[in-house]
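J.: Structure here, sequence nowhere to be found:
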């Protein structure tokens with residue numbers, strides 16, 4: 001199985017905003033013309049800083065603000081003098097890349113620490129604070145790679161957050177509107193279970209106390225993921241230092257950190273679990289091995305009910321990607337059948353898991369993001385490569401977002417990775433003539449901006465309203481009770497698989513704290 005790295009790829013030349021008067025024709029024809037909903041979008045290419053590609057962090061990372069700003073990284077035209085010896089936390093790239101903020105048609109270079117250094121933005125808060133990392137221009141004496149430090153961009157200033165005492169490596173995964181930051185830091189204590197050979201620890205930073213080690217659940221390592229507006233942090237940690245015979249690693253449990261304490265969220269019976277997202281109500285979603293450590297299921301954890309198995313569509317495995325503040329969860333879950341099983345995008349709401357369907361003849365789909373209006377985006381795929389980005393809302397069916405690409409354009413969208421409460425959608429594309437690729441592939445990234453009342457005065461949305469895509473007809477999606485009974489243990493949860501893939505996207509470089517799964521798409 002192919003390991004994932006932290007970020008997935010974005011953007012090329014700045015593209016004029018377009019409104020696409022195209023009608024959706026590829027889905028099954030509606031049985032009724034009642035309750036039509038019209039969709040019109042303009043399509044924007046975010047651009048780069050002169051290099052070929054750019055990047056966004058996903059899944060579960062807040063890279064798209066409700067006000068329309070996006071944070072990520074883009075190539076410059078300057079060759080990276082250290083390539084192919086790259087930072088632990090960055091994707092391999094022959095060019096220097098810089099963190100960016102895109103807002104209202106302007107791509108802003110956020111810079112890097114002094115020197116020919118790369119930087120990356122991982123998260124943007126509701127009020128525009130941006131967290132990430134920058135190389136320092138020094139080679140790490142312990143690991144022999146360009147070292148990087150966690151940074152915070154605030155009011156146009158880059159703040160180096162430093163490292164934990166004695167260490168030289170760190171990076172920030174998330175920041176909230178209070179200016180509280182969480183991330184990873186590597187210390188100098190040898191550790192056979194760390195991918196770096198030294199302990200990896202989760203930290204919390206604020207202006208008053210600086211960087212603090214959050215500790216662990218009893219083992220040597222811990223890593224954080226998302227942080228909410230209240231300062232709660234979800235992550236995962238070894239609970240001991242004794243490898244178990246199935247995974248070959250110590251027990252790995254998800255945690256919720258709040259008020260100075262790390263709470264072990266437990267598992268669904270297995271010895272490995274981790275979170276993928278956290279909402280502002282303190283609800284955590286993720287995935288966990290079941291007893292025996294051969295299959296894994298998606299979970300929802302709440303203070304009132306503890307860890308709840310969300311089940312699958314009758315297949316072996318499933319995972320979550322996002323939870324909104326209403327407690328609605330999206331992800332993917334396996335369908336029944338012999339290995340390798342196919343999987344479908346799901347929306348879990350009030351105990352019911354809804355299969356959102358697939359586009360065309362695609363065998364698989366994955367739901368990646370959901371906003372407060374229950375609009376869901378993701379991709380329909382061949383189970384390995386994302387082929388068609390989708391929007392699902394109001395009972396469906398899925399809309400292929402390529403319907404908003406102008407006729408004759410060489411733009412081909414492949415994957416919708418984030419949607420905000422204004423309905424703006426960040427999408428990956430693929431280069432003209434390139435074959436379909438997975439999340440490691442180099443491709444442009446685009447923003448789809450709805451031409452609605454909130455955006456009606458924006459360039460590309462003015463004037464008469466041409467017909468866009470019309471969604472109508474009965475609900476094609478199906479609802480079925482979720483099941484927690486495994487069907488086939490053939491898709492086992494072994495090292496270098498699922499956890500590596502997911503953590504490789506969320507936590508760059510940290511790809512071996514636990515076992516793994518199958519295709520991300």
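T.: Happy to help now that I have it. Owing to the predicted nature of the structure, the values given are computational and were not obtained by experimental measurement.
J.: For beta bridges, what are the partners of residue 224?
T.: According to DSSP bridges, residue 235 are recorded as the beta-bridge partners of residue 224.
J.: Give the burial count for it, as a bare number.
T.: By the other CB atoms under 10 Å criterion, the neighbourhood of residue 224 contains 27 residues. For the C-beta atoms, the positions are set from N, CA and C on the backbone; glycine is no exception.
J.: you'd agree it is up against residue 234?
T.: Yes. Checked against CB atoms under 8 Å, the pair residue 224 and residue 234 is within contact range at 7.3 Å.
J.: list residues touching both of those two?
T.: Common neighbours of residue 224 and residue 234, counting by CB atoms under 8 Å, 6 or more residues apart in numbering, are residue 257.
J.: Let me see the mean pLDDT of stretch 200-210.
T.: Looking at stretch 200-210 alone, the average pLDDT works out to 96.
J.: Now do the buried residues in it.
T.: When neighbours are counted by 16 or more other CB atoms under 10 Å, the buried residues of stretch 200-210 are found to be 200, 201, 202, 203, 204, 205.
J.: how distant is that stretch from the center of its chain?
T.: A distance of 23 Å separates the C-alpha centroid of stretch 200-210 from that of its chain, computed with CA atoms, centre = their mean, to the nearest Å.
J.: Give me the pLDDT for residue 452.
T.: Per-residue pLDDT puts residue 452 at 78.
J.: how much space between it and residue 385?
T.: Per CB to CB, to the nearest Å, residue 452 is found 32 Å from residue 385.
J.: more neighbours, these two?
T.: With neighbours defined as other CB under 10 Å, residue 452 and residue 385 compare such that residue 385 has more, 20 against 14.
J.: distance of that one from residue 266?
T.: Counting by CB to CB, the separation of residue 385 from residue 266 is 35 Å.
J.: Name the nearest residue to the residue nearest the centre of the chain, sequence neighbours excluded.
T.: Geometric centre of the chain, nearest residue: residue 59, 1.2 Å, by CA atoms, centre = their mean. If you skip the residues right next to it in sequence, residue 59 has residue 321 as its closest partner in space, 4.2 Å away by CB to CB, 6 or more residues apart in numbering.
J.: Kindly report the same for residue 213.
T.: According to CB to CB, 6+ apart, the nearest residue to residue 213 is residue 201 (5.1 Å).
J.: Hmm, residue 219 and that neighbour touching each other?
T.: No. Taking contact to mean CB under 8 Å, the distance of 11.0 Å between residue 201 and residue 219 leaves them out of contact.
J.: Now do the host helix or strand of the residue nearest to residue 213: which elements does it pack against?
T.: Under the criterion DSSP states H and E, the helix or strand holding residue 201 is strand 198-206. Taking 3 or more CB pairs under 8 Å, 6 or more residues apart in numbering; DSSP states H and E as the contact definition, the neighbouring helices and strands of strand 198-206 are strand 146-154, strand 181-190, strand 210-213, strand 222-227, strand 233-238.
J.: Can you tell me which helix or strand of the protein has the lowest average pLDDT?
T.: Between all helices and strands in the chain, the lowest mean by mean pLDDT, DSSP states H and E belongs to strand 15-19, at a mean of 24.
J.: Please name the residues that touch the residue nearest to residue 213.
T.: With contacts defined as CB under 8 Å, 6+ apart, the neighbours of residue 201 are 164, 184, 185, 186, 187, 213, 214, 215, 216, 221, 222.
J.: which of these has the most neighbours?
T.: Counting by other CB under 10 Å, residue 186 has the largest number of neighbours within those, with 30 neighbours.
J.: which regions of this protein sit below the pLDDT cut-off?
T.: 1-38, 431-443, 454-460, 462-520 (pLDDT under 70).
J.: the helices in it, which residues?
T.: For the chain, the helices defined by DSSP state H cover 498-506.
J.: Could you verify my assumption that residue 219 touches residue 237?
T.: Yes. Counting by CB under 8 Å, residue 237 is a contact partner of residue 219 at 6.2 Å.
J.: what residues do the two have in common as contacts?
T.: Between them, residue 219 and residue 237 share the neighbouring residues residue 252, with contact defined by CB under 8 Å, 6+ apart.
J.: out of the two, which sits in the more crowded spot?
T.: residue 237 (29 against 21).
J.: Who are the contact partners of that one?
T.: 202, 216, 217, 218, 219, 221, 222, 223, 252, 253, 255, 262.
J.: In space, what's closest to residue 110 - neighbours in sequence excluded?
T.: With sequence-adjacent residues excluded and distances taken as CB to CB, 6+ apart, residue 110 is closest to residue 99, at 4.1 Å.
J.: what about that neighbour, distance to residue 146?
T.: For residue 99, the distance to residue 146 under the criterion CB to CB works out to 16 Å.
J.: what's the answer for residue 305, then?
T.: Taking CB to CB as the measure, residue 305 falls 45 Å from residue 146.
J.: out of the two, which sits in the busier spot?
T.: residue 146 (25 against 9).
J.: My guess is the more buried one contacts residue 134. True?
T.: No. With contacts defined as CB under 8 Å, residue 146 does not count as touching residue 134, sitting 10.4 Å away.
J.: and for these two, which residues touch both?
T.: Residues touching both residue 146 and residue 134 comprise residue 117, with contact defined as CB under 8 Å, 6+ apart.
J.: So what pairs up with residue 154 in the strands?
T.: Beta-bridge pairing for residue 154 (DSSP bridges): residue 157.
J.: Now for it, how many residues are close by?
T.: As a burial measure, the neighbour count of residue 154 was computed by other CB under 10 Å and equals 17.
J.: Quickly note the distance from it to residue 417.
T.: As it turns out, when the distance is counted by CB to CB, residue 154 lies 25 Å from residue 417.
J.: likewise residue 366?
T.: Distance of residue 366 to residue 417, computed by CB to CB: 10 Å.
J.: cool, and residue 70?
T.: Between residue 70 and residue 417 the distance, using CB to CB, works out to 11 Å.
J.: Residue 449 contacts residue 42, correct?
T.: Yes. With contacts defined as CB under 8 Å, residue 449 counts as touching residue 42 at a distance of 5.0 Å.
J.: Have a look at the two and say which one is more surrounded.
T.: The residue with more neighbours, out of residue 449 and residue 42 and counting by other CB under 10 Å, is residue 449; that gives 26 against 20.
J.: re earlier: adding distance to residue 328, write the contacts of residue 237 out as TSV.
T.: Rendered in TSV, the data for these read as follows (distance: CB to CB, whole Å):
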residue	distance to residue 328
202	27
216	31
217	28
218	33
219	33
221	32
222	28
223	26
252	27
253	25
255	23
262	27
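J.: ok, those residues vs residue 400, which is closest?
T.: Taking CB to CB as the measure, residue 400 sits nearest to residue 223 out of the contacts of residue 237, at 35.7 Å.
J.: doesn't residue 184 make contact with the closest one?
T.: Yes. Distance between residue 223 and residue 184: 5.5 Å, which falls inside the contact criterion (CB under 8 Å).
J.: Against residue 413, how distant is residue 103?
T.: If you go by CB to CB, the gap between residue 103 and residue 413 works out to 21 Å.
J.: Neighbour count: those two, which is higher?
T.: Ranked by neighbour count (other CB under 10 Å), residue 103 and residue 413 place residue 413 first, with 28 against 16.
J.: need the contact list for that one.
T.: By CB under 8 Å, 6+ apart, the residues touching residue 413 are 388, 389, 401, 402, 405, 427, 428, 429, 446.
J.: all strands for the stretch 201-350 of the chain, in order.
T.: Chain-ordered strands for the stretch 201-350 of the chain, with DSSP state E, counting those that start in this stretch as the definition, fall at 210-213, 222-227, 233-238, 252-258, 261-264, 269-278, 284-290, 296-302, 306-309, 318-323, 329-334, 343-349.
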